[in-house]
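S.K.: Mind looking at a prediction? Sequence and model below.
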Amino acid sequence: MPNSGTSGVGRFCLCRVAKTSEADRLTSPQLETLIAVLVGAALLFALSVSGGWAGQIAGKIQTVNHSERHFVLADGTQVWVAEGFPIETLKEGASVEGSYEERDGKKIAINLKVSE
């Protein structure tokens, strides 16, 4: 409103009030799907930043290279052993099972169980 000579200055408000309709709201299944997608993306991001995926290994040892801290399973899988694991316990013909992490394209054993 224009100033009518009273003590207040008239102001114009060109505001638009947004109204949401039922069609604009997410339904429960849509919201659940959105949350699942966001959680999945966050997990993928966290795993990619942390260095990779953990995998499982199992089999008989075909060869051992103690100086390189490396062994090969009967199926040809090559595995390097992380520092701190007593590599001397690994012998050809022994069975191993455990988990590994991919680092620089190598399978690095992070947990091993050895049996004769």
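M.R.: Yep, that arrived.
S.K.: Phi, psi for the residue nearest to Lys60 when sequence neighbours are not counted please.
M.R.: By the measure of CB to CB, 6 or more residues apart in numbering, the closest residue to Lys60 outside its immediate chain neighbours is Ala74, 4.6 Å from it. No exception for glycine: its C-beta is placed from N, CA and C like everyone else's. Dihedral pair for Ala74: phi -60, psi -30, per degrees, to the nearest 10.
S.K.: For Ala74, grab the count of nearby residues.
M.R.: By the measure other CB atoms under 10 Å, the count of residues near Ala74 is 12.
S.K.: Tell me the pLDDT of Thr63.
M.R.: pLDDT, Thr63: 96.
S.K.: can you pull the contacts of it?
M.R.: 71-72, 92 (CB atoms under 8 Å, 6 or more residues apart in numbering).
S.K.: Kindly provide the distance from it to Val37.
M.R.: Separation of Thr63 from Val37 (CB to CB, to the nearest Å) stands at 45 Å.
S.K.: likewise Gln30?
M.R.: Separation of Gln30 from Val37 (CB to CB): 11 Å.
S.K.: Strand partners (parallel or antiparallel) of the strand ranked longest in the chain?
M.R.: The longest strand of the chain (DSSP state E) is strand 54-65. With DSSP bridges as the test, strand 54-65 is paired with strand 70-73 (antiparallel), strand 95-103 (antiparallel).
S.K.: which residues does the residue nearest to Lys60 contact?
M.R.: By CB under 8 Å, 6+ apart, the residues touching Ala74 are 59-62.
S.K.: how about 6 Å then?
M.R.: 59-60, 62 (CB atoms under 6 Å, 6 or more residues apart in numbering).
S.K.: quick one: low-confidence parts of this structure?
M.R.: 1-24, 26, 43-53 (pLDDT under 70).
S.K.: can you pull out the helices in it?
M.R.: 28-50 (DSSP state H).
S.K.: burial count for Phe71?
M.R.: If you count neighbours by other CB under 10 Å, Phe71 ends up with 24.
S.K.: which one is it nearest to, not counting chain neighbours?
M.R.: Val64 (4.6 Å).
S.K.: where does the residue nearest to Thr77 when sequence neighbours are not counted sit relative to Ala42, distance-wise?
M.R.: Leaving aside its sequence neighbours, Thr77 sits nearest to Ile57 (CB to CB, 6+ apart; 6.3 Å). From Ile57 over to Ala42 the distance is 28 Å, taken as CB to CB.
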